[in-house]
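1. sequence first, then the predicted structure:
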Amino acid sequence: MKKAINTLLQLGVRHDQSIHEQKKTQTTNLLNALMAFFVLLGSLLNYPVISQQFIFLPVCVFFLLSLFGLFLSWKHLNQCAHILFTLNVNLAVFYINQFHPPEADPYLYYFPLVVGTVLLNNPSFKNVNAIPHVALCIIFFIVNFNVDLPWIGLENMPAEKIREMWYVNFSMSLLSTTALLLLLTRLIASQNKEIIIQNSDLTRAKETVKASLREKEILLAELHHRVKNNLAIISGLLNLQEDATQSEEAKRIISDTKTRIMSMALVHRMLYENPELKSIQVGKYASELIAELFNSYNLSKSVELKQLYDDIALPVNKSIPLGLILNEIVTNSIKYVYKARPRQKGVFEISIRQLENKSVLLTIEDHGPGFPQDFNATPEPVSLGIYLIKSLAGQIDGEVLFSNANGARIELNFLPD
């Protein structure tokens, strides 16, 4: 028996369907089977009461429509089976309300009708598939209260017979409503269980992803730490090479290289210290880099630093080129302005601001002699530092402008992303 019921419920259920669609098809099959059962049961219960006026044809139609709904499910016409069930139930309730006297309360059958509709569709105007079912129920409800077909209904029923019919209608309505409510409760419990299992699976997956992410963060932090250490080793080797050489030109080149390495190492150090490991605060970076450069040339007391920074975070691919650009600009100012005039009190101004169009504007002024008059007209860079500034500006999608205003003025406009 159990095997036969399971076979009946599995009619039209496909493995490529979602779990929701599979359950909906199984529910439709069960409701069509229950419809056939209650039609037969109602006929048997009503037969002794109305044996002289028993109408056989409508009952056969309702029974055959229920079986046809199962046939449609078997043929994988699931939507047709769904709508046929709703139509069949509404026709049956309409017929019962027309056939039985009002005193027998045939309207009791609207209770199982509503529960069955909810069980099948979970009605909602956001659910497009539920709209035809809800619309059919509303239409038949309105028609039932406004249409009277006296040729169908029973006439001149004794009060005792009407009372017996009331008991039959009440029992059938109560039985079918209880059965549908049990099914609905079971379905809700099953769905809740599935939700709990899915939440548990999601929680485990989330923990796995978090552990994997944490592991990658540790590896990335270790990578930045090792890169910083390796750059420090390279800088140490350059110090040894600088001490070993007697050439002033070689010493200058090595010193410039060390400051460039230092600007890159600072990026990796700040990334290592940042819990997110993906961006650095440009203001903090620029401030530390400039302080390191001025301290390395013993100019921290003789040069006044005026700094203005917006709260801007830059990713690695922007931070390193920007750091190298800052290094070249600052070292050029140190060499050609502050070291060249050691007795004069110098002023170095820098600002990094976020513009309304979301781009970033870096502005630097050194209050020195400025650029030569024909500086911007020269097609080729006059030094390696200027060449690096222009090349690195292109890497961060930026435009650099050289001008004179209270000394040399450099403006770099770039996008932070």
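-> Received the coordinates, thanks. Because the structure is predicted, anything quoted here is derived from the model rather than measured.
2. after the helix or strand bottoming out on mean pLDDT in the chain, heading C-terminal, what element do we hit next?
-> For the chain, using mean pLDDT, DSSP states H and E, the weakest element among its helices and strands is helix 2-9, scoring a mean of 73. Per DSSP states H and E, helix 2-9 leads on to helix 19-46 as the next helix or strand towards the C-terminus.
3. which elements pack onto that next one?
-> Under the contact criterion of 3 or more C-beta pairs under 8 Å, 6 or more residues apart in numbering; DSSP states H and E, helix 19-46 touches helix 2-9, helix 56-74, helix 78-99, helix 110-121, helix 159-244. Where you see a C-beta, it was placed from the backbone N, CA and C, and this is true even at glycine.
4. helix 159-244 and the fourth one, what's the angle between them?
-> Which is helix 110-121. Counting by axes from the mean of the first three to the mean of the last three C-alpha atoms, to 10 degrees, helix 110-121 lies at 20 degrees to helix 159-244.
5. in terms of secondary structure, what does helix 110-121 contact?
-> Packing contacts for helix 110-121, counted by 3+ C-beta pairs under 8 Å, 6+ apart, involve helix 19-46, helix 78-99, helix 130-146, helix 159-244.
6. mind running it again at 6 Å?
-> Counting contacts by 3 or more C-beta pairs under 6 Å, 6 or more residues apart in numbering; DSSP states H and E, helix 110-121 packs against helix 130-146, helix 159-244.
7. those into JSON lines, with extra columns for mean neighbour count, mean pLDDT and distance to Gly12?
-> Converted to JSON lines, those look like this (neighbours: other C-beta atoms under 10 Å; pLDDT from 0 to 100; distance: least, C-beta to C-beta, whole Å):
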{"stretch": "helix 130-146", "mean neighbour count": "15", "mean pLDDT": "81", "distance to Gly12": "18"}
{"stretch": "helix 159-244", "mean neighbour count": "13", "mean pLDDT": "83", "distance to Gly12": "18"}
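8. could these go into CSV alongside distance to Leu84?
-> Below are the helices and strands packed on helix 110-121 laid out as CSV (distance: least, C-beta to C-beta, whole Å):
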stretch, distance to Leu84
helix 130-146, 11
helix 159-244, 18
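9. what ranges do the strands span in the stretch 301-417 of the chain?
-> Using DSSP state E, counting those that start in this stretch, the strands of the stretch 301-417 of the chain run over residues 303-309, 313-315, 346-354, 360-365, 399-404, 408-414.
10. mind listing what's buried along the last one?
-> Of the residues in strand 408-414, those buried under the neighbour-count criterion (16 or more other C-beta atoms under 10 Å) are Ala408, Arg409, Ile410, Glu411, Leu412, Asn413, Phe414.
11. from these, which is closest to Ala250?
-> The shortest gap between Ala250 and any of the buried residues of strand 408-414 belongs to Ala408, at 27.1 Å (C-beta to C-beta).
12. isn't the closest one up against Gly370?
-> Yes - counting by C-beta atoms under 6 Å, Ala408 does reach Gly370; the two are 5.0 Å apart.
13. before we move on, the earlier item: I'd like the helices and strands packed on helix 19-46 as TSV, with distance to Val134 appended.
-> Shown next, in TSV, are these (distance: least, C-beta to C-beta, whole Å):
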stretch	distance to Val134
helix 2-9	25
helix 56-74	18
helix 78-99	9
helix 110-121	7
helix 159-244	16
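14. ok, which of those helices comes nearest Phe348?
-> Closest to Phe348 of the helices and strands packed on helix 19-46, according to C-beta to C-beta: helix 159-244, at 23.9 Å.
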